[in-house]
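Trainee: kindly return the folded structure for what I paste below:
(2 chains)
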Protein chains: 2
Amino acid sequence: MKPIKVGLLGLGTVGAGVVRIVEGHQQDLLSQTGASIEIAQILVQDKSKNRGVEVDADKLTEDPRDVIENPEIDIIIEVMGGIELAKSYILEALDRGKHIITANKDLMALHGPEILAKAAEKGCDVLYEASVAGGIPIIRTLVEGFSSDRITKIMGIVNGTTNYILSKMSQEGAAYGDVLKEAQELGYAESDPTSDVEGFDAARKMTILGTLGFHANISLSDVEVRGISQVSKEDINYGKQLGYEVKLLGIAERQDEHISISVQPTMVKKSHPLASVNGVFNAVYVYGEAVGETMFYGPGAGGMPTATSIVADLVAVVRNLKLGINGQRAFAPYKEKKLKTDEQIVSKNFILLHVQDKAGVLAKITQVFAEHEVSLESVLQHPNETNPNAEIIIITHDANQAAMKKVLKQFGDLEVVHAVKSVYRVEG
Amino acid sequence: MKPIKVGLLGLGTVGAGVVRIVEGHQQDLLSQTGASIEIAQILVQDKSKNRGVEVDADKLTEDPRDVIENPEIDIIIEVMGGIELAKSYILEALDRGKHIITANKDLMALHGPEILAKAAEKGCDVLYEASVAGGIPIIRTLVEGFSSDRITKIMGIVNGTTNYILSKMSQEGAAYGDVLKEAQELGYAESDPTSDVEGFDAARKMTILGTLGFHANISLSDVEVRGISQVSKEDINYGKQLGYEVKLLGIAERQDEHISISVQPTMVKKSHPLASVNGVFNAVYVYGEAVGETMFYGPGAGGMPTATSIVADLVAVVRNLKLGINGQRAFAPYKEKKLKTDEQIVSKNFILLHVQDKAGVLAKITQVFAEHEVSLESVLQHPNETNPNAEIIIITHDANQAAMKKVLKQFGDLEVVHAVKSVYRVEG
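Mentor: Numbers count the residues shown, from 1 in each chain, chains lettered A, B, ... in the order given. The predicted model follows:
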C-alpha cells in the first residue's frame, strides 16, 4: 500500500503529541495498518516558534491551502481549536475528498450534523474520539461496544478542571475561590475559567455522547446547564457527612424514548463508582438495559492521551482506506428526538434550608413537600453555632422536577424559610 | 439487504440472553445494520427442556448438522461451552464459510491461533468480545481504542467469583472457606470451584488480553498462576491496616519487548482504581505509554451482559457483511514473544513472617534482604497475643523475582524464621 500522507492543522500540545506518536510508532503503525503513515504538512500560526517537538522546517506552513488543497494529503487532523475557521477548513477539505479527524468538541457539538452530512455525501470518514474524555475510547464504546444494547443513562465526569476543583475542596475542606486560584496557577484552569466552571465545556461533550448513545440528534441548547461556581464548602461537608461526594456530572437519560440531558453539580453516593474519580481524571458511567452498570475511566485531557485517541482514529481511517470502505462505517441518528418534560425528569434531591429557629417550622416545611406529593427520605436539623438560623437538610425520594420547582417556589413565599441555600440532584 | 440468518449453538443463560436481545431489539438492529437478523436454528441437548425464553419449537434441534451445515445460516454463535466439541463445530462451520461469534474463553485461550488462522484462510470473521470480562468491551478497546499506543501493563480483575469471595472476606472479616460456601449457595461459585479459585479461569482470560495487548501469541502455559485458596483473613486484615486490599489480579507486563504474565492474589493500594472494584464486578486496568492510566469496569458474567457483547459482535459481523469485508478486519499478532526472566520481573512485595521472639532476629532477617540487594520500604513487628511467634510484616521496594526467590529460600534455612506465612505482590 502506498504511504499515507497526513496534514495537521495546528501544532499545540495535542498536535505535538500526534507528531510524537506517529513518528515514534512507525513500525507498529505499519504492522497495524499495512501502510506507512507520514505527517506531510503542518499548519501553524508562526513557523519560527519552538514547539517542543522536532519537525522538518519544510513541513511547516502558515498557509492553510498547503494542507487543505494539497492533492497528496489523504487525511487531515484538526487540532487547532476554535469554531468558524476550523469548520470552514474541514468542510473545504471534505469537498476535496479528504478524511477528517478532529479533537474539537465545540465544533462537533455545534456543527456535528452538518459536518457528518457533508462527509456522508463525499464518502469521507469524520472521526472525533478525542473530542470527549481525551484518552478514554468512549465514542467507540458507545457506537460499537454497546451497539446491541439500549442505553438508558450516561453520566460523565467529562471536565477535568471542575473535577480537580471539587476533589480538592472535598479533600482539603477548601473554598471554591481558593482552589480555583490554585488550579489556575498549576495550569489546570484557564485564566478565564467560565467555559469549564459554568459547565459549558461538559455540556458540549454531553451533546456528543447523548447523540451517539441515544441515536437522536441532540443540540447543545437541549442541555440544562449549571456550573460549580456556587458550590460551597459547607455543601461539600454536609454531603460528606451524609455519604455523598459533590461531582459535576453530565447526565443524559432516556425513558420510553424521551430524553433529558443536563450538566449539574450532583451529590453522588460514595459507593457509586463515579464518586471515587478524583483530580483531573474523567470517567463515563453507562447504564444499558441488558449490560447494566459499566464505567470507563482515564485521562480526560493532556497532549499525549488526547493524541492517543487521535492516532487510534488515524489507524481506523487508514484501515478503512485499505478496505475501500471510507465513509461507510458512520451511523447517523435514526431516532426522533423527544425531550422529557419537567414532569418526566425524576431524581432524588438534596436541599439545604436556612429557617427560623422556632417550634412548628419543620411541620410547615414538610407540609409543602406533602402538598406536591414529594416524599422524603431523610430530614436532618443541623446545629449551627455561627448562624442565627436553624439549618435543615432534606433528602427527597425520587421526585419529578416540576413538583420540585413548585416546592422551591413555595419556600420563597414562606416566612419561616429565610433561604434555600442549596439544591442538588442526588445519584447512586 | 436480505435477512441475516443466525445459528445458535447452546441455549443456556447466555444463549437465552442472545435470543432476548435479538428478538427484543429488532428495530434497533435493523437501523444499526440495515439488515433484519433472525435466529434460525438453535442446537440444544434436549428439546423438551424449558429455557425461560420463548422460542418456536421448530427452531430447536438436537442435531448439530442442522446448524453447522445449514446453507441458509451465515453466522454461528457458539455459547455451548466446553472445548473439543465446540472447536470441531467451529472449524467445520468456518470450512463452510460461516462467521463465528463465541463467548468461549477456554477455547480461545487454548486454540485461538488455530481458529483465527482457519478464519483468515476462509475469509471469515471470528469475534469473541464476550470471552473476557462479560459486558465490558475490553477486546475492542485494546484492538481499536488503543491501536495507536504501546500498552505496557494490563491488570485485570477478570473473575467475578474470586472477587466476590475476597470482597466479602475484606468487608466482613470472614474466612475463605465460609465465604466460598456462601458463594456456592448463592450460585456465584461452582460446586467444584477449582477453575475459579485456583486462578485458571483468570489465566485463560489473561492469555487472550495479553495476546491482543502485546501483539504476541501468548500461550496459557506462559501464565504463572496462583489462586486465592491460601489467602487468610489475617493476610487481608494486615493488608487493610497498611492500606491495601487483596485482589486476584491478572497482570500482563511488557518492558523492552519482554513480557511477563501472571495471575496472583495481590495487595492493591486503596487509592488504586482496582482496589474499589467489589463483588462480582470485573475491571481491566490498562496502562499505555502515551495514554497513561485507564480502567474499564462492568459486569464480568451473567446472561444479559454477556449477551450484550455477543450481539455487539453480531452487529459488527453484519456490518462487515454489508460492506463485503468479512475476515479483513482481523489482526494477527506480529511480534515475537519474548518472556521475561525472573531477573526481569520486578515488583514490590508483602511478606508475613513468623519468627522467634528474641533479640537480634530482625537484624538477621534484614541482613538476608541486604545480601540479595532487596531494599525495604517498611518493616512492622506486629504484636500477636494468640501466637507464641513474633510476627514481622515487610514491604519491599521494587525487587526482582530472582532475588526474592533467593531471599525466601534462605529464610527456609534460617533457624530464627519459623514460617514464611505469606508473600504477595504489591501494586499501586
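Trainee: for residue A:36, what are its contacts?
Mentor: Neighbouring residues of residue A:36 by CB atoms under 8 Å, 6 or more residues apart in numbering or on different chains: A:3, A:4, A:26, A:29, A:30. Quick note: C-beta positions are derived from backbone N, CA and C, even for glycine.
Trainee: measure it to residue A:30 for me?
Mentor: Distance, residue A:36 to residue A:30, by CB to CB, to the nearest Å: 5 Å.
Trainee: returning to what we had before: can you narrow the contacts of residue A:36 down to the ones near chain B?
Mentor: With CB under 8 Å from any CB of the partner chain as the criterion, these include residue A:29 near chain B.
Trainee: can you flag the buried ones in the contacts of residue A:36?
Mentor: When those are checked for burial by 16 or more other CB atoms under 10 Å in any protein chain shown, the buried set is A:4, A:29.
Trainee: which two among the contacts of residue A:36 are spaced furthest apart?
Mentor: Greatest spacing in the contacts of residue A:36, by CB to CB: A:4 and A:26 (11.9 Å).
Trainee: what sits in contact with each of those two?
Mentor: With contacts defined as CB under 8 Å, 6+ apart, the residues shared by residue A:4 and residue A:26 are A:36, A:37.
Trainee: ok so, going back, nearest to residue A:303, of the contacts of residue A:36?
Mentor: residue A:29 (18.4 Å).
Trainee: okay, now the unreliable bits of chain A?
Mentor: A:383-387 (pLDDT under 70).
Trainee: starting at the chain centroid, how far to the longest helix anywhere in it?
Mentor: Longest helix in chain A, counting residues (DSSP state H): helix A:303-323. Remark: helix A:303-323 is offset 21 Å from the chain centroid, using CA atoms, centre = their mean, to the nearest Å.
Trainee: what about residue A:142, distance to chain B?
Mentor: To chain B, residue A:142 is 10 Å away according to CB to the nearest CB, to the nearest Å.
Trainee: scratch that, residue A:48 is what I was asking about
Mentor: Relative to chain B, residue A:48 is positioned 28 Å away (CB to the nearest CB).
Trainee: burial count for that residue?
Mentor: Here the number of neighbours of residue A:48 (other CB atoms under 10 Å in any protein chain shown) works out to 8.
Trainee: how is it assigned, secondary-structure-wise?
Mentor: When classified by DSSP: H, G, I helix; E, B strand; the rest coil, residue A:48 comes out as coil.
Trainee: need the contact list for it.
Mentor: For residue A:48, no contacting residues are found, by CB under 8 Å, 6+ apart.
Trainee: residue A:320 reaches residue A:314, doesn't it?
Mentor: No - when contacts are counted by CB atoms under 8 Å, residue A:320 is not listed as touching residue A:314 (10.7 Å).
Trainee: ok, and what's touching stretch A:186-203?
Mentor: Contact with stretch A:186-203 is made by A:105, A:109, A:156, A:158-162, A:164-165, A:180, A:183-184, A:220, A:223, A:225-229, A:248, A:250, A:263-264, A:280, as judged by CB under 8 Å, 6+ apart.
Trainee: buried ones in it, by neighbour count?
Mentor: Buried residues in stretch A:186-203, counted by 16+ other CB under 10 Å: A:188, A:189, A:193, A:195, A:196, A:197, A:198, A:199, A:200, A:201, A:202, A:203.
Trainee: same thing with stretch A:372-381?
Mentor: Judged by neighbour count (16+ other CB under 10 Å), stretch A:372-381 contains these buried residues: A:372, A:374, A:376.
Trainee: surely the last one and residue A:398 touch.
Mentor: No - at 11.4 Å, residue A:376 and residue A:398 do not qualify as touching, with contact defined as CB under 8 Å.
Trainee: tell me the secondary structure at the residue of chain A positioned farthest from its centre.
Mentor: For chain A, the largest distance from the centre (CA atoms, centre = their mean) belongs to residue A:359, which lies 45.8 Å off. Look at residue A:359: counting by three-state DSSP, its state is coil.
Trainee: need phi/psi at it.
Mentor: phi -60, psi 150 (degrees, to the nearest 10).
Trainee: look at residue A:207 and give its secondary structure.
Mentor: Three-state call for residue A:207 (three-state DSSP): helix.
Trainee: what separation is there between it and residue A:4?
Mentor: 31 Å.
Trainee: again with residue A:125
Mentor: In this view, residue A:125 and residue A:4 are 12 Å apart by CB to CB.
Trainee: distance between the ends of stretch A:276-286?
Mentor: 16 Å (CA to CA, to the nearest Å).
Trainee: in it, what counts as buried?
Mentor: So, applying 16+ other CB under 10 Å, buried residues of stretch A:276-286: A:276, A:277, A:278, A:280, A:281, A:282, A:283, A:284, A:285, A:286.
Trainee: how about the strands in the stretch 51-200 of chain A?
Mentor: For the stretch 51-200 of chain A, the strands defined by DSSP state E, counting those that start in this stretch occupy A:60-61, A:75-78, A:99-102, A:126-127, A:151-157.
Trainee: what are the ranges of the helices in the stretch 51-200 of chain A?
Mentor: Taking DSSP state H, counting those that start in this stretch as the criterion, the stretch 51-200 of chain A contains helices spanning A:65-68, A:84-95, A:105-122, A:138-140, A:160-172, A:176-186, A:194-197, A:200-214.
Trainee: can you redo those as TSV with distance to residue A:365?
Mentor: Below are these laid out as TSV (distance: least, CB to CB, whole Å):
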stretch	distance to residue A:365
helix A:65-68	62
helix A:84-95	51
helix A:105-122	40
helix A:138-140	41
helix A:160-172	28
helix A:176-186	28
helix A:194-197	31
helix A:200-214	32
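Trainee: looking at those, spot the one closest to residue B:236.
Mentor: Per CB to CB, nearest to residue B:236 of the helices of the stretch 51-200 of chain A: helix A:160-172, 26.5 Å.
Trainee: for the closest one, packing partners?
Mentor: Helix A:160-172 is packed against helix A:176-186, helix A:194-197, helix A:233-241, strand A:244-255, strand A:281-288, with contacts defined by 3 or more CB pairs under 8 Å, 6 or more residues apart in numbering or on different chains; DSSP states H and E.
Trainee: residue A:265 and residue A:248 touch, don't they?
Mentor: Yes - assessed by CB under 8 Å, residue A:265 is found in contact with residue A:248 at 5.4 Å.
Trainee: mutual contacts of these two, please.
Mentor: Contacts common to residue A:265 and residue A:248, judged by CB under 8 Å, 6+ apart, are A:166, A:227, A:228.
Trainee: still on that earlier bit, of the contacts of residue A:36, just say which sits nearest to chain B.
Mentor: Set against chain B, the nearest of these by CB to the nearest CB is residue A:29 (7.4 Å).
Trainee: how about that closest one, what does it touch?
Mentor: Contacts of residue A:29 by CB under 8 Å, 6+ apart are A:22, A:35, A:36, A:37, A:311, A:315, A:318, B:148.
Trainee: show me the contacts for the second one.
Mentor: In this case it means residue A:35. A:1, A:2, A:3, A:4, A:29, A:318, A:321, A:322.
Trainee: the fifth one belongs to a helix?
Mentor: Which is residue A:29. Yes - the assignment for residue A:29, made by three-state DSSP, places it in a helix.
Trainee: ok, it to residue B:140 distance?
Mentor: When distance is defined by CB to CB, residue A:29 is 19 Å away from residue B:140.
Trainee: quick one on the thing from earlier: how about the buried residues of stretch A:276-286, which pair is most distant?
Mentor: Spatial extent of these (CB to CB) is set by the pair A:280 and A:286 at 21.0 Å.
Trainee: so which of the shared contacts of residue A:265 and residue A:248 is the closest to residue A:258?
Mentor: Within the shared contacts of residue A:265 and residue A:248, the smallest distance to residue A:258 is 25.5 Å, found for residue A:227 (CB to CB).
Trainee: so the closest one lies in a helix, does it not?
Mentor: No - Residue A:227: not assigned to a helix; according to three-state DSSP it is coil.
Trainee: would you mind listing what in the stretch 51-200 of chain A touches chain B?
Mentor: Contact residues, the stretch 51-200 of chain A versus chain B (CB under 8 Å from any CB): A:129, A:135-137, A:140-141, A:144-150.
Trainee: try 7 Å this time
Mentor: By CB under 7 Å from any CB of the partner chain, the part of the stretch 51-200 of chain A that sits against chain B consists of A:135, A:136, A:137, A:140, A:141, A:144, A:145, A:146, A:147, A:148, A:149, A:150.
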